[in-house]
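Colleague: Sequence plus predicted model, see below.
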Amino acid sequence: NMVWMLPVFVTAPSSALVTDTYSKLSLANTSPNDPRLFAPLIACYILYGSAMYLLMREFDWYLSCRHKALSTAKTPNYSIYVSNIPEELRTVRALRELFDQVTNGGVAQVTMAYELKELDAAIAKKEAAEHRLEDALNRLEHSGKRPTHAPGWGKPKVDSINTYEEEVKQLSAQVSSLADA
C-alpha cells in the first residue's frame, strides 16, 4: 500500500521541518491542510474494498463447491447417529433389520461405537499377565530352573510358568467374551 503512496508524499512541497530522506517519503512531508492527507484514507478504502471483494469471491466459490459435494448421493452425506439404543437392539444385525424395516431396505451400512472400558481393562490385565509369563520364561531360559513365586502373603510358592499360562488362558477367554458381547 505504501508503494502507491510514495509519489503522493514525494511531490508535496518541501517543508523546512522535514530534513530526513525517509521522512520525505512519508506522511510527515505533508502540511496540515494539504489535500494529500486524503490519499491514505482513499488508499485504505481501496485496500479494504478489494479485500472484501476477494473474500466474497472466495466465499461464493466455497459455497458452490460445498453445494456440489453435498448434493451428490454419497453415503456419508446421509448418515444418522443414534444414542440410547435399547439392549435388545445393541447388535449390528438387529439395528440393520430395524432400519431396513423403517427405510424399506435403504440402509447402506450400520456401524456401532461401543463403550469399551471393561474390554480395555481386561486387555490390560491380559497384557500384564503375558508380560509376567514372558519374564518367567526368560528366567527359565537363562537360569535353567523353573521360577516360582508366592501368589499372596503367607501362601506357599507355586510354579510361575504354569500359573501365568493358566492366568493368560483365563484372561484371553474373558477378553474374547467381552469382545463378542
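Modeller: Nice, thanks for sending it over. Numbering: from 1, shown residues only.
Colleague: Now do the contacts for Leu133.
Modeller: Ile161, Tyr164, Glu165, Glu167, Val168 (CB atoms under 8 Å, 6 or more residues apart in numbering). All C-beta spots, glycine's among them, are computed from the backbone N, C-alpha and C.
Colleague: 6 Å - rerun?
Modeller: Applying CB atoms under 6 Å, 6 or more residues apart in numbering, we find Leu133 in contact with Tyr164, Val168.
Colleague: Quick check: phi and psi at it.
Modeller: phi -60, psi -50 (degrees, to the nearest 10).
Colleague: OK, contacts around the residue positioned nearest the centre of the chain?
Modeller: Closest to where the C-alpha atoms of the chain average out (CA atoms, centre = their mean) is Ala113, at 17.2 Å. Counting by CB under 6 Å, 6+ apart, Ala113 touches no other residue.
Colleague: Which of the three states applies to it?
Modeller: Under DSSP: H, G, I helix; E, B strand; the rest coil, the three-state class of Ala113 is coil.
Colleague: any idea how far it is from Val92?
Modeller: Noted for Ala113: a distance of 11 Å to Val92, by CB to CB, to the nearest Å.
Colleague: what's the answer for Leu55, then?
Modeller: 46 Å.
Colleague: what's the answer for Ala108, then?
Modeller: In terms of CB to CB, Ala108 sits 13 Å off from Val92.
Colleague: before we move on, what about Arg36?
Modeller: According to CB to CB, Arg36 stands 75 Å off from Val92.
Colleague: Name the residue in the two with the higher neighbour count.
Modeller: Arg36 (16 against 11; other CB atoms under 10 Å).
Colleague: how far away is Ala69 from Thr19?
Modeller: 61 Å.
Colleague: quick one: buried residues of the helix or strand harbouring Pro7?
Modeller: Per DSSP states H and E: Pro7 is located in helix 2-10. Of the residues in helix 2-10, Met5, Val8, Phe9 count as buried by neighbour count, 16 or more other CB atoms under 10 Å.
Colleague: what's the neighbour count on Leu119?
Modeller: The number of residues packed near Leu119 is 16, by other CB under 10 Å.
Colleague: Enumerate every residue touching it.
Modeller: Leu178.
Colleague: Need the phi and psi values for it.
Modeller: Given degrees, to the nearest 10, the pair of backbone angles that Leu119 has is phi -60, psi -40.
Colleague: From Ala179, how far out is it?
Modeller: Leu119 is 6 Å from Ala179, by CB to CB.
Colleague: Check Val82 too.
Modeller: Applying CB to CB to Val82 and Ala179 gives a distance of 22 Å.
Colleague: can you tell me which helix in this structure is longest?
Modeller: As assigned by DSSP state H, the longest helix anywhere in the chain is helix 38-70.
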